[in-house]
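Undergrad: can't give you the sequence, but here's the structure:
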């Protein structure tokens, strides 16, 4: 290998200097808890709601989800009433979080976090959920992340890139050197808008805009991801 080739390999190694994880669907799954809470609220208000409609809520902030559900309401709601509905749903949801434990951590997550720790690569959470802190405490992962950004820290939800850009800023890492791990299409869009590499998992793995995809984090290790990126870069720069 010549000097230029070695320099390219080193550049690829430094391509990812931080990893920003979405929370729900990537680190832990609380999908069913969300669904049950929205279903209970919809039943309270006599609004039709089912799992098909629930799919539209993925990656959307609480008020955005509420607006989707209220599309089928038979009356208009005031701003104050909407706030009360959102708070009630969150109450239902938070009550269910008492069931969460480290056993609910999704496959591959602990291996990724250990690898990043060994390589001294900082990890962050970038989640639209305002319950991020509670969830991380329940699954005992709070101390595993250098930075935690939740819906309480930003004004705009995904697909706006604000969450990821703020995470990069607090990590003190250039956005172009960050990897986002997302399971929602809106999150993939947000990561791309932030100028970051995106690994799509779960429901988002069919999104062609993502740079890489896998069923979950157990299907691709961080080292395998870097190796794939190295091969791609080396093929595009054969000299």
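TA: Arrived safely, thanks for sending. Model, not experiment: these values are computed from the prediction. Numbering: from 1, shown residues only.
Undergrad: Only C-alpha atoms from now on, for both contacts and neighbour counts.
TA: Will do.
Undergrad: tell me what the longest helix seen in the chain is packed against?
TA: In terms of residue count, the longest helix belonging to the chain (DSSP state H) is helix 79-96. Judged by 3 or more C-alpha pairs under 8 Å, 6 or more residues apart in numbering; DSSP states H and E, helix 79-96 is in contact with helix 31-44, helix 62-69.
Undergrad: Show me the helices in the chain, by range?
TA: 3-13, 31-44, 51-55, 62-69, 79-96, 109-118, 132-138, 162-171, 185-193, 222-236.
Undergrad: If you average the pLDDT over the longest helix of the chain, what comes out?
TA: Mean per-residue pLDDT for helix 79-96: 96.
Undergrad: who touches it?
TA: Outside helix 79-96, the residues that touch it by C-alpha atoms under 8 Å, 6 or more residues apart in numbering are 33, 34, 36, 37, 38, 40, 41, 62, 63, 66, 131.
Undergrad: By pLDDT, give me the weakest of those.
TA: Lowest pLDDT among these: residue 62, 88.
Undergrad: could you list every residue that touches that residue?
TA: If you count contacts by C-alpha under 8 Å, 6+ apart, then residue 62 has 86, 129 around it.
Undergrad: what's the answer for residue 25, then?
TA: Contacts of residue 25 (C-alpha under 8 Å, 6+ apart): 31, 106, 182, 183, 202.
Undergrad: Let's see if you can find the most crowded of those.
TA: When neighbours are counted by other C-alpha atoms under 10 Å, residue 182 leads the contacts of residue 25 with 34 neighbours.
Undergrad: Tell me the spacing between it and residue 84.
TA: 30 Å (C-alpha to C-alpha, to the nearest Å).
Undergrad: and if you look at residue 62?
TA: Counting by C-alpha to C-alpha, the gap from residue 62 to residue 84 is 12 Å.
Undergrad: Which among the helices and strands packed on helix 79-96 is found nearest to residue 145?
TA: Across these, residue 145 has its closest neighbour in helix 31-44 (22.0 Å, C-alpha to C-alpha).
Undergrad: The closest one: which residues count as buried?
TA: 33, 34, 35, 36, 37, 38, 39, 40, 41, 42 (16 or more other C-alpha atoms under 10 Å).
Undergrad: Does residue 180 touch residue 16 like I think?
TA: No. Using C-alpha atoms under 8 Å, residue 180 is not in contact with residue 16; the gap is 10.0 Å.
Undergrad: can you pull the contacts of residue 129?
TA: Neighbouring residues of residue 129 by C-alpha under 8 Å, 6+ apart: 61, 62, 150, 151, 152.
Undergrad: Mark which of those are buried, thanks.
TA: 61, 62, 150, 151.
Undergrad: got a list of what residue 222 touches?
TA: 112, 115, 116.
Undergrad: give me that answer again for 6 Å
TA: Residues near residue 222 by C-alpha atoms under 6 Å, 6 or more residues apart in numbering: none.
Undergrad: Okay, it and residue 118: tell me how far apart.
TA: With distances taken as C-alpha to C-alpha, residue 222 is found 12 Å from residue 118.
Undergrad: just residue 206 next, same as before
TA: 31 Å.
Undergrad: Please identify which of the two sits among more neighbours.
TA: Each of residue 206 and residue 118 has its neighbours counted (other C-alpha under 10 Å); residue 206 has more, 15 against 9.
Undergrad: what about that one, distance to residue 161?
TA: 20 Å.
Undergrad: Could you do residue 143 as well?
TA: In this structure, residue 143 and residue 161 are 24 Å apart, going by C-alpha to C-alpha.
Undergrad: Looking at these two, which is more packed in?
TA: Applying other C-alpha under 10 Å to residue 143 and residue 161 shows that residue 161 carries more neighbours, namely 21 against 10.
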